[in-house]
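1. Give me a 3D structure for the following:
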Amino acid sequence: MKAPTVWRHVGRNLVTAWLVLSGLFLLTRGLTDATSYLQTALEADSRIQAAERSQLTRQLLHRAGLDLPLFYISFEPTQGWQWEGTANQYHAWAANLLQGRLGTSYRSSAPVSGLLLEALRYTLPLTVLAAVLSAMVSVGLATTLNGRYPAGRRALLYLLHALQAAPLFLLATGLLLLFANPDVLAWFPAFGLGLEEESATWWQAPGRLLYHLALPVGSLVLMSAPALTIQLDAALQHELRQPYVATARAKGAAPSQVVWRHALRNALLPTITLLTELLPNLVAGAVVVEVLFALPGMGRLLAEAAATQDYPVLLGGVTLVVLARVVAQLLADALYLRTDPRIRLQA
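-> The predicted structure is shown next:
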């Protein structure tokens, strides 16, 4: 593969991500009256007088750069279209983003990058563990039942289709009511990570963390594994009808060898995209799980930011998700090329 082709492909993905983030920035800033928001927030403090509140609002707007025009051009009913130059909110945001700065939180005045890194300390173990388990469960189910247990395979597919249609909130609530309910089965904690408990030894801490993450991870696995299993099962069924599989069977290969050594690699081709997008999808699903199980991760941070209109934090979280999807797309292309050398990127 030629290097210019690779760079053009990477560049198209990055331009798409930039356009998405730019549109989201302009929408969140354009549809929000920052002055009214700050005044409402300051009115909650009765110690601030009216004159001080107005002056403090102007200072906060200037500190956050919200007193600048939104874009390079603006429209005024009395003056028409005007060129604002580089002294605008979008230019400042774009320059900071290219330097790795995501802005400052409206609510806590803390750097958004620091808030996201702190939240990712709890979200990454949750999502990575769920992604690994989802992939393992999907490959295990699809390869175990294919061709040997027709009745079991049909029953499993019915169950997987039902799970795939269920929303994540319903799945997580069902696990919570079933396995963290004193009236049914109180096997797992209903919320938190056990951080408030007494400090454990280094070898007890992983077990405690896994104990508290069991239901959240189970919820994400039930959300993501069905689609992977259904896709991989269909691909395996197609590959097992190909002539090279009949040849392998004629040479005396065992059923498990036929699946693992011959059919699985080709069956993974249509599933690669789902596998590479698994982690970004789980990060998005963590919003529901972390709020429901009261976990201190990025999902809970973004939910609280949305409730308080903390748009820099929201935009920073979306930026991470978009970049993760770009990386997932590039990884999918690389895996396609690795799995099947006949595939080539188009210029």
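2. so what's the residue nearest the centre of the chain up against?
-> Nearest to the mean C-alpha position of the chain, counting by C-alpha atoms, centre = their mean, stands residue 283 at 2.6 Å. Contacts for residue 283 (C-beta atoms under 8 Å, 6 or more residues apart in numbering) come out as 123, 127, 298, 299, 320, 321, 324. Backbone N, C-alpha and C define where each C-beta goes, glycine included.
3. State the helix or strand in which the first one lies.
-> Here residue 123 sits within helix 112-145, counting by DSSP states H and E.
4. what helices or strands is that helix leaning on?
-> helix 150-165, helix 205-239, helix 264-267, helix 278-292, helix 298-307, helix 311-339 (3 or more C-beta pairs under 8 Å, 6 or more residues apart in numbering; DSSP states H and E).
5. please redo it, this time with the cut-off set to 6 Å
-> helix 205-239, helix 278-292, helix 298-307, helix 311-339 (3 or more C-beta pairs under 6 Å, 6 or more residues apart in numbering; DSSP states H and E).
6. right, so of the ones you listed, which gets closest to residue 248?
-> Nearest of the helices and strands packed on helix 112-145 to residue 248, taken as C-beta to C-beta: helix 205-239 at 11.0 Å.
7. between the closest one and helix 298-307, how big is the angle?
-> Inter-element angle recorded for helix 205-239 and helix 298-307: 90 degrees (by axes from the mean of the first three to the mean of the last three C-alpha atoms, to 10 degrees).
8. avg pLDDT for helix 205-239?
-> Helix 205-239 shows a mean pLDDT of 83.
9. Equivalent analysis for stretch 156-175, please.
-> Averaging pLDDT residue by residue across stretch 156-175 gives 86.
10. before we move on, what about stretch 306-324?
-> Here stretch 306-324 scores 83 as its mean pLDDT.
11. how far is it from where the chain is centred?
-> 11 Å (C-alpha atoms, centre = their mean, to the nearest Å).
12. how about it: buried residues?
-> Applying a neighbour-count criterion of 16 or more other C-beta atoms under 10 Å, one finds 308-320, 322, 324 buried in stretch 306-324.
13. By mean pLDDT, point me to the weakest helix or strand of the protein.
-> helix 34-43 (a mean of 59; mean pLDDT, DSSP states H and E).
14. Low-confidence ranges, this protein, go.
-> Counting by pLDDT under 70, the ranges of the chain that qualify are 1-6, 9, 32-54, 57, 64, 146-149, 191-207, 339-347.
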